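*Asks:* Build me a structure from this.
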Amino acid sequence: MPYTFLVVDDERLNRSYIRNLITDLEPNAVIHEARSAAAARDLLASENIDILFLDIKMPGEDGMQFLSTLEERVFELVITTAYSEYAIKAIKEGAIDYLLKPVKITEFKEALYKAIKRREQAISLTSNRQVNELETALNHTITIHTHKGTKFAMVKHIVYIQADNTYTTIFMSNGEKIITTRPIIKFEETLDNRLFFRIHKSYIINCYHFKEHISKNGDIAAMDNGARLAISRYRLKAFLEFIQNATLK
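*Replies:* The predicted structure follows:
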């Protein structure tokens, strides 16, 4: 997979040198540059950076001061500097490697692939945790009040929910329909938004049961129980982004 890099250095030639080294080793890499800590901070806020190459000595705010201002770090850090005295501090800051300028190609290659390996491990751990969390959410049971009493439904077995005037119908994977007077908005507010998406004023679907998006003759969500549900054009873009990023099945 292509990784996204951020090269932070106040000297343009240094940034270009690091950029060229990255490109030689990872031709598909996405590379951003920043000449100051302030510019780097803006890029971290707007881009998903995987690996950060950071200079220390910069005018104004230096690299170490910059790191101390970050509340969260989801990138791997490699320090590139002409000063050797910051090595211990860099390690304490979580740097995966410390490269002295002028950066040697062999040392850079080793640091780059070390950072990539660490990033792959972090992504894998995050993905596994998300899957485990969703499995727990799918096996959660909700309580539904009907005019006959109370029913319990496992989230995994809910295919979709439909608003019908003052009633709401819950369609289950076994073909059962549960009718309740609870308005659909209440389900939208309480169901896990990692699984459920309101595609239309009348429909909330469980994306665990979503099969495909059909765009012929209007936008349709095809569900695995055979249902074909209209997707509002106002919600379509957000829904497609949701499906693309979802960690399901």
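*Asks:* right, and the helix or strand after the helix ranked longest in the chain?
*Replies:* Secondary structure assigned by DSSP state H gives helix 105-138 as the longest helix of the chain. Using DSSP states H and E, the helix or strand that follows helix 105-138 towards the C-terminus is strand 141-146.
*Asks:* Give the rounded mean pLDDT of that following strand.
*Replies:* Averaged across strand 141-146, the pLDDT comes to 91.
*Asks:* so what does that strand touch, helix or strand wise?
*Replies:* For strand 141-146, the packing partners by 3 or more CB pairs under 8 Å, 6 or more residues apart in numbering; DSSP states H and E come out as strand 149-154, strand 177-180. Yep, even glycine has a C-beta here, placed from its N, CA and C like the rest.
*Asks:* what's it in contact with?
*Replies:* With contact meaning CB atoms under 8 Å, 6 or more residues apart in numbering, strand 141-146 is reached by 150-155, 158, 170, 178-182, 190-191.
*Asks:* Can you show me the CA trace of that strand as PDB?
*Replies:* What follows is strand 141-146, C-alpha atoms only, in PDB (Å, rounded to 0.1, in the frame of the first residue of the first chain):
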ATOM      1  CA  THR A 141     -29.100  -7.400  22.100                       C
ATOM      2  CA  ILE A 142     -31.500  -4.500  22.000                       C
ATOM      3  CA  THR A 143     -34.900  -4.300  23.700                       C
ATOM      4  CA  ILE A 144     -37.900  -3.500  21.500                       C
ATOM      5  CA  HIS A 145     -41.300  -2.600  23.000                       C
ATOM      6  CA  THR A 146     -44.300  -3.600  20.900                       C
END
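*Asks:* Tell me the one of the contacts of strand 141-146 nearest residue 5?
*Replies:* Closest approach to residue 5 among those (CB to CB): residue 191, at 38.3 Å.
*Asks:* In contact with residue 160, which residues are there?
*Replies:* Contacts of residue 160 by CB under 8 Å, 6+ apart are 171, 203, 204, 205, 206, 209, 223, 227, 229.
*Asks:* Tell me how far residue 185 lies from residue 208.
*Replies:* Separation of residue 185 from residue 208 (CB to CB, to the nearest Å): 21 Å.
*Asks:* higher neighbour count, the two?
*Replies:* Of the pair residue 185 and residue 208, residue 208 is the one with more neighbours under other CB atoms under 10 Å, namely 20 against 13.
*Asks:* helix, strand or coil for that one?
*Replies:* helix (DSSP: H, G, I helix; E, B strand; the rest coil).
*Asks:* For it, give its distance to residue 186.
*Replies:* Noted for residue 208: a distance of 20 Å to residue 186, by CB to CB.
*Asks:* Low-confidence ranges, the protein, go.
*Replies:* 127, 247-249 (pLDDT under 70).
*Asks:* residue contacts, the residue of it most remote from its centre?
*Replies:* For the chain, the largest distance from the centre (CA atoms, centre = their mean) belongs to residue 148, which lies 42.3 Å off. Listed by CB under 8 Å, 6+ apart, the contact set of residue 148 is empty.
*Asks:* Please report phi then psi for it.
*Replies:* phi -100, psi -10 (degrees, to the nearest 10).
*Asks:* now do residue 72
*Replies:* Per-residue torsions, residue 72: phi -140, psi 140 (degrees, to the nearest 10).
*Asks:* what number of residues lie near it?
*Replies:* Around residue 72 there are 6 residues (other CB under 10 Å).
*Asks:* and if you look at residue 44?
*Replies:* Neighbours of residue 44 (other CB under 10 Å): 21.
*Asks:* do you know how far it is from residue 118?
*Replies:* Note on residue 44: its distance to residue 118, by CB to CB, is 18 Å.
*Asks:* With residue 149 instead?
*Replies:* In terms of CB to CB, residue 149 sits 54 Å off from residue 118.
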